[in-house]
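Q: no sequence for this one, just the structure:
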């Protein structure tokens, strides 16, 4: 589900580039002891649409799910991507650097992200 969206257009010659920066939310199941619990998780999608003569000629899109359960952290990252006009082609590299510098746990370590007990 899209919970936030920023966009802007850039015109270069005859081509228009429409950029979209979206915060995504979904519920994921996390194993905890002998059961699964549902947790909200936020991710980011960046899309660029290339439009020539009012026709869509190309779409570039990249998405990273489950960045953090903390919406404000993902919002701050989304705003940073938007403010710096980051292309979808560079999304993975930029988020990787941001996560390392700012201490957001990587999605593969879900138990650590949500501070769940082991087991």
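A: Yep, it's here. Keep in mind it's a predicted model, so treat the numbers as computed, not measured. Numbering: from 1, shown residues only.
Q: and the residue nearest the centre of this structure?
A: Central residue of the chain (Cα atoms, centre = their mean): residue 44, 1.2 Å from the mean position.
Q: contacting residues for that one?
A: With contact set as Cβ atoms under 8 Å, 6 or more residues apart in numbering, residue 44 has these partners: 21-24, 63-64, 67, 74, 77-78, 81, 91, 95. For the C-beta atoms, the positions are set from N, CA and C on the backbone; glycine is no exception.
Q: who's in contact with residue 61?
A: 45-48, 88.
Q: would JSON lines of the residues you listed with neighbour count, pLDDT and distance to residue 58 be doable?
A: Listed next are the contacts of residue 61 as JSON lines, based on neighbours: other Cβ atoms under 10 Å; pLDDT from 0 to 100; distance: Cβ to Cβ, whole Å:
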{"residue": "45", "neighbour count": "19", "pLDDT": "97", "distance to residue 58": "17"}
{"residue": "46", "neighbour count": "26", "pLDDT": "98", "distance to residue 58": "15"}
{"residue": "47", "neighbour count": "17", "pLDDT": "98", "distance to residue 58": "11"}
{"residue": "48", "neighbour count": "17", "pLDDT": "98", "distance to residue 58": "8"}
{"residue": "88", "neighbour count": "19", "pLDDT": "96", "distance to residue 58": "11"}
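Q: spatially, which two of these are the most separated?
A: Greatest spatial distance in the contacts of residue 61: 45 and 48, 11.2 Å, computed using Cβ to Cβ.
Q: overlap in contacts, these two.
A: In contact with both residue 45 and residue 48: 20, 61, using Cβ under 8 Å, 6+ apart.
Q: ranges for the strands of this structure?
A: Using DSSP state E, the strands found in the chain span residues 2-12, 15-32, 35-52, 55-68.
Q: can you tell which of those strands is closest to residue 102?
A: Closest to residue 102 of those, according to Cβ to Cβ: strand 55-68, at 10.2 Å.
Q: strand partners of the closest one, parallel vs antiparallel please.
A: Strand pairing for strand 55-68, determined by DSSP bridges: strand 35-52 (antiparallel).
Q: and the partner strand, what's buried?
A: By neighbour count with 16 or more other Cβ atoms under 10 Å, strand 35-52 contains the buried residues 39, 41-49, 51.
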